[in-house]
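*Asks:* Test case, fold it:
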Amino acid sequence: MAIDRTKNHEKPYSPTHIDNMGFDPEFQVPVAESLGYDGQNLQRLNASNMAIKITTVNAVTYLAMAAPGTDQSAALWQCRKIDESTGLVVTWADGDSNFDNVATDLTALDYS
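*Replies:* Numbers count the residues shown, from 1 in each chain. Next up, the predicted model:
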């Protein structure tokens, strides 16, 4: 059901109430849950929510991430190249961080 923004709606929570919901009583600190986009879904940000493929060739590591269960042949992977041969240089497949690459052979992608 879509919200009708033309009507005057009563706010269900005050800003103070919302702030109180985002407080961790054990550590006594305000908290907010980070969200991230995995190329398919908006989800909680943590490493266990991503499928990861790593390929290492000499001083170069290729790292690909996607939503869990994504087939390596699907163009739904975010791929990067970490080159430590002359310092530390990180480049991205297609020159961007989009989730639009295949992960079958990470070394065959174009990185910039």
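*Asks:* secondary structure class for Pro68?
*Replies:* State at Pro68, reduced to three classes by DSSP: H, G, I helix; E, B strand; the rest coil: coil.
*Asks:* name the element Cys79 belongs to?
*Replies:* For Cys79, the host element (DSSP states H and E) is strand 78-83.
*Asks:* For the protein, name the helix or strand with the lowest mean pLDDT.
*Replies:* Ranking every helix and strand in the chain by mean pLDDT, DSSP states H and E puts strand 42-44 at the bottom, with a mean of 71.
*Asks:* which residues touch the following helix or strand past that one?
*Replies:* Sequence-wise, the next helix or strand downstream of strand 42-44 (DSSP H and E) is strand 51-57. Here strand 51-57 makes contact (CB atoms under 8 Å, 6 or more residues apart in numbering) with 61-70, 72, 77, 103, 106-107. C-beta coordinates here come from the backbone N, C-alpha and C atoms, glycine included.
*Asks:* Selection in PyMOL covering whichever of these are buried, please.
*Replies:* To isolate the buried members of the contacts of strand 51-57 in PyMOL, using 16 or more other CB atoms under 10 Å:
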select buried, resi 61+62+63+64+65+66+67+70+77+103+106
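*Asks:* Got the confidence number for Ala75?
*Replies:* Here the pLDDT value assigned to Ala75 is 96.
*Asks:* Mind jotting down where the helices sit in this protein?
*Replies:* 15-21 (DSSP state H).
*Asks:* Would you mind listing where it has pLDDT under the threshold?
*Replies:* With pLDDT under 70 as the threshold, the chain has low-confidence stretches at 1-11, 33-34, 38, 43-48.
*Asks:* Which residue, other than its chain neighbours, is closest to Val60?
*Replies:* Asp83 (5.0 Å; CB to CB, 6 or more residues apart in numbering).
*Asks:* hang on, I meant Cys79
*Replies:* Looking at Cys79 with CB to CB, 6+ apart, the closest residue is Ala93, at 3.8 Å.
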